[in-house]
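J.: Everything below, folded, please.
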Amino acid sequence: MTAAAGWRPRLAPAIVLRHDRARDTDLLLLPERVVVLRGAAGAVVGLCDGTRSVRDIVDELAGRFPGTPVATDVPPFLDDMRKEGWLR
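T.: A predicted model of the protein is given here:
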C-alpha cells in the first residue's frame, strides 16, 4: 500500500515531535516510548501537520533535497508510520 496523494498526514494524538539537542536528532515522544528519527525522517515528520497532502510533502522535500529519491521513499515511509499508529 502506498500513501494516497490526497491524504493529509498528521501526528496521532499524544505523539510529539521534539529535537534532542544533546544527540542532535529528532525524536517522536510516545506514551511510554521514544522513537529516534534518523536522517531526514524528522524533516518529513515535521511537515505532517494535517494541512499538507502527501504530494505537497513530497514536493516540499524535493525542493529541499534535490536529487534524492523523495517521491519513491517518502510515501512508503509515511505508510509505515501510519501502520505503527503514529500518523492519522
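J.: which residues in the chain form helices?
T.: Taking DSSP state H as the criterion, the chain contains helices spanning 41-46, 54-64, 70-84.
J.: residue nearest the centroid of the protein?
T.: Geometric centre of the chain, nearest residue: Val45, 2.5 Å, by Cα atoms, centre = their mean.
J.: Check what pLDDT that residue gets.
T.: Listed pLDDT for Val45 reads 98.
J.: which one in the chain is furthest away from the centre?
T.: Ranked by distance from the centre of the chain (Cα atoms, centre = their mean), the top residue is Ala22, with 21.3 Å.
J.: how about low-confidence regions in this protein?
T.: Of all residues in the chain, those with pLDDT under 70 make up the ranges 1-2, 5.
J.: what's the spacing between the residue farthest from the centre of the chain and Val36?
T.: 12 Å (Cβ to Cβ, to the nearest Å). The C-beta positions use only the backbone N, C-alpha and C, and glycine is treated the same way.
J.: residues in contact with the closest residue to Arg82 other than its chain neighbours?
T.: Once flanking residues are discounted, Arg82 sits nearest to Pro9: 7.0 Å by Cβ to Cβ, 6 or more residues apart in numbering. Shown in contact with Pro9 (Cβ atoms under 8 Å, 6 or more residues apart in numbering): 3, 48, 50, 52, 54, 57, 78, 81-82, 87-88.
J.: now do 6 Å
T.: Shown in contact with Pro9 (Cβ atoms under 6 Å, 6 or more residues apart in numbering): 48, 78, 87.
J.: again with Cys48
T.: Residues near Cys48 by Cβ under 6 Å, 6+ apart: 9-10.
J.: mind checking the end-to-end distance for stretch 46-58?
T.: For stretch 46-58, the first-to-last residue distance is 12 Å (Cα to Cα, to the nearest Å).
J.: Test my guess that Leu78 contacts Ala3.
T.: Yes. Using Cβ atoms under 6 Å, Leu78 is in contact with Ala3, at 4.5 Å.
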